[in-house]
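[1] Pasting a predicted model and its sequence here:
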Amino acid sequence: MALRLNSQFCSQIAKQVPWGRKDRKFAATSYNVYVSQNQTCKASSIKINDRRTTVHKPIEIERRSANYKPNIWEHDFIQTLNNEYSGEVHDIKENIDTNLAELVNHALDLPLNLRITRVEAKWYIDALSRKAGVNSNLLELAKLDYNIVQAAHQKDVIDMSRWWKNLGLPKKLPFARNRLVECFLWSVGVAYEPQYSYLRQELTKLVILLTTIDDIYDIYATFEEAELFSDAVERWDVSAVEQLPDYMKLCFLALYNTINEIAYDTLKEHGLNIIPCLRKTLVAQFKSFKLEAKWFHTGYKPTLQEYLDNACISLGGPLVLVHSYFLMRPEITKEALEYIESYPSLIRLTSMILRLADDLGTSKAEVERGDVPKSIQCYMHENDVNEEVARKYIRHLTDETWKKMNAELLVDSPVPQAFVKFAVNWIRTAETTYQNEDGHGVPDKETKTRVLSLLVDPIPIA
């Protein structure tokens with residue numbers, strides 16, 4: 001799985017697994033969710049076959065009982081195990097070979113289920129290339145697959161660079177972050193497969209426009225100008241551009257045209273007008289932007305709950321998730337459309353984790369440059385505690401939200417499993433991006449290395 005070759009063997013995998021497409025209890029394992037089977041039995045051995053050898057390895061197999069429903073491992077129990085044995089893990093590291101120690105260190109740094117799949121694939125290919133005794137054919141296939149997918153991403157980013165340059169926003173708005181490649185990395189994290197080129201390109205447009213508009217609201221616009229922009233979005237009429245300051249006009253038209261192009265493509269393919277659905281998410285997005293601007297200009301300090309109710313929307317989670325659904329070009333059903341429009345738990349929980357990950361990585365820098373208080377500062381002010389205590393609580397809140405998210409992944413819904421996977425991938429991308437502070441707004445050496453690895457440098461094949 002870490003090599004991300006499963007997409008090459010979809011039909012073979014489908015023939016081997018006995019459950020249906022909608023069986024989330026089993027499909028959830030593809031999202032790295034821990035599922036308890038309620039009954040443990042010993043198996044004397046399991047055969048692991050490749051071309052060269054057969055190995056018999058004792059294991060424990062978790063099997064379902066016909067009388068029990070599968071449920072999720074308790075997160076607190078897992079955390080307890082980690083705390084109880086963490087010292088032993090570090091002791092063991094001193095007594096294992098270099099290659100295995102590298103894998104252990106990597107897993108301890110950030111677990112697999114929180115990593116961007118393409119980044120993880122590249123890391124494992126590099127790690128296995130240094131290891132003796134690996135299946136050379138499988139490794140070569142992984143390298144070829146990686147380079148082929150990278151070529152598709154390179155074409156995407158070239159197209160996006162041309163679009164961004166022709167749009168002209170960086171020259172018109174020099175105060176805003178110019179983060180095209182970082183925004184494209186988010187789309188790769190969500191859907192790296194070559195067939196999702198359209199989704200990646202349109203998501204990149206959406207994310208970079210939101211990033212630019214966020215900077216307008218946060219650091220440049222007066223509150224009156226922010227109100228004008230929000231009102232223009234709510235009207236969703238091209239004539240509304242006349243009421244905007246000159247520096248806002250081009251940005252509004254870019255957003256207007258991008259959203260309408262997505263709606264046009266959907267209407268052409270499915271005969272369905274999705275403008276009302278997209279407008280609903282846009283209006284909510286810009287109302288949240290406006291409220292944050294009001295808090296900033298009036299000096300209001302919200303409670304943590306007030307902040308989260310608004311900030312989970314202002315970050316753009318609901319907006320990008322709703323658009324992701326239509327951009328994957330599914331067969332749109334009435335049930336799926338009603339589900340998407342209802343702001344379901346899948347979208348709410350994803351947006352919450354995105355917000356908390358962002359705050360843990362960026363809040364200090366954003367507050368220093370004059371942004372509204374983030375969740376950490378809200379908790380500090382509300383409970384009169386220091387930053388260390390507040391960060392510990394926000395991490396706890398993130399863990400609690402992950403529990404709910406894991407449960408949600410086991411619930412049947414009318415949307416395709418691919419959309420559920422996209423939601424999880426948004427979180428993975430956030431966890432990786434903000435692991436060492438702000439890898440989006442203030443790209444560090446690690447982000448630059450990631451860009452070169454994913455988009456520039458192919459893997460050499462001997």
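    Sure, I can see it. Note that the structure is a prediction, hence the values are computed from the model and not measured. Numbers count the residues shown, from 1 in each chain.
[2] got any ranges where the stretch 301-450 of the chain has weak pLDDT?
    363-370, 436-445 (pLDDT under 70).
[3] Now do the contacts for residue 106.
    Residues near residue 106 by Cβ atoms under 8 Å, 6 or more residues apart in numbering: 123, 127. Where you see a C-beta, it was placed from the backbone N, CA and C, and this is true even at glycine.
[4] Does it lie in a helix or a strand, and which?
    helix 98-109 (DSSP states H and E).
[5] from the chain's centre, how far out does that helix sit?
    Computed by Cα atoms, centre = their mean, to the nearest Å, the separation of helix 98-109 from the middle of its chain amounts to 24 Å.
[6] So for it, mean pLDDT?
    Averaged over helix 98-109, pLDDT sits at 73.
[7] Identify each buried residue in that helix, please.
    By 16 or more other Cβ atoms under 10 Å, the buried positions in helix 98-109 come out as 102, 103, 106.
[8] Likewise for stretch 319-339?
    Quick answer for stretch 319-339 (16+ other Cβ under 10 Å): 319-328, 332, 336-337, 339.
[9] Can you add distance to residue 389 and give these back as JSON lines?
    Output for those, formatted as JSON lines (distance: Cβ to Cβ, whole Å):
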{"residue": "319", "distance to residue 389": "32"}
{"residue": "320", "distance to residue 389": "32"}
{"residue": "321", "distance to residue 389": "32"}
{"residue": "322", "distance to residue 389": "36"}
{"residue": "323", "distance to residue 389": "37"}
{"residue": "324", "distance to residue 389": "36"}
{"residue": "325", "distance to residue 389": "38"}
{"residue": "326", "distance to residue 389": "42"}
{"residue": "327", "distance to residue 389": "41"}
{"residue": "328", "distance to residue 389": "41"}
{"residue": "332", "distance to residue 389": "46"}
{"residue": "336", "distance to residue 389": "43"}
{"residue": "337", "distance to residue 389": "44"}
{"residue": "339", "distance to residue 389": "39"}
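[10] ok, so of those residues, who is nearest residue 137?
    residue 328 (32.6 Å; Cβ to Cβ).
[11] Could I get the contacting residues of that closest one?
    Residue 328 makes contact with 191, 196, 199, 416, 418, 419, 422, according to Cβ under 8 Å, 6+ apart.
[12] top of the residues you listed by neighbour count?
    Within the contacts of residue 328, neighbour counts (other Cβ atoms under 10 Å) peak at residue 422, which reaches 24 neighbours.
[13] Touching, it and residue 322? I think so.
    No: counting by Cβ atoms under 8 Å, residue 422 stays clear of residue 322, with 11.3 Å between them.
[14] now the residue nearest to residue 197 when sequence neighbours are not counted: how far from residue 424?
    Nearest non-adjacent residue to residue 197, counting by Cβ to Cβ, 6 or more residues apart in numbering: residue 156, 5.6 Å away. Using Cβ to Cβ, to the nearest Å, one gets 22 Å for the distance from residue 156 to residue 424.
[15] Shouldn't the residue nearest to residue 197 be within a helix?
    Yes: the assignment for residue 156 (DSSP: H, G, I helix; E, B strand; the rest coil) places it in a helix.
[16] mind listing what residue 151 touches?
    If you count contacts by Cβ under 8 Å, 6+ apart, residue 151 has none.
[17] how about 10 Å then?
    Counting by Cβ atoms under 10 Å, 6 or more residues apart in numbering, residue 151 touches 194, 458.
[18] do the same with residue 357
    Counting by Cβ under 10 Å, 6+ apart, residue 357 touches 114, 315, 394, 398, 427-435.
[19] now residue 272
    By Cβ under 10 Å, 6+ apart, residue 272 lies in contact with 263, 266, 326, 332, 337.
[20] Does residue 163 fall in a helix, a strand, or a coil region?
    Using three-state DSSP, the structure places residue 163 in helix.
[21] tally of neighbours for the spatially closest residue to it that is not a sequence neighbour?
    Excluding the flanking residues, the one nearest residue 163 by Cβ to Cβ, 6+ apart is residue 205, at 7.0 Å. Residue crowding around residue 205 was assessed by other Cβ under 10 Å; the count is 26.
[22] And the helix or strand harbouring residue 205, what does it pack against?
    Here residue 205 is covered by helix 197-215, with elements defined by DSSP H and E. If you count contacts as 3 or more Cβ pairs under 10 Å, 6 or more residues apart in numbering; DSSP states H and E, helix 197-215 packs onto helix 136-167, helix 169-172, helix 180-190, helix 223-235, helix 246-270, helix 275-298, helix 317-327, helix 417-433.
[23] of those, which approaches residue 380 most closely?
    helix 275-298 (16.0 Å).
[24] so that closest one versus helix 197-215, what angle?
    If you take axes from the mean of the first three to the mean of the last three Cα atoms, to 10 degrees, helix 275-298 sits at 30 degrees to helix 197-215.
[25] Which element is encountered next along the chain beyond helix 275-298?
    helix 304-314.
[26] what comes up buried for that next one?
    Within helix 304-314, judged by 16+ other Cβ under 10 Å, the buried ones are 304, 307, 308, 310, 311, 312, 313, 314.
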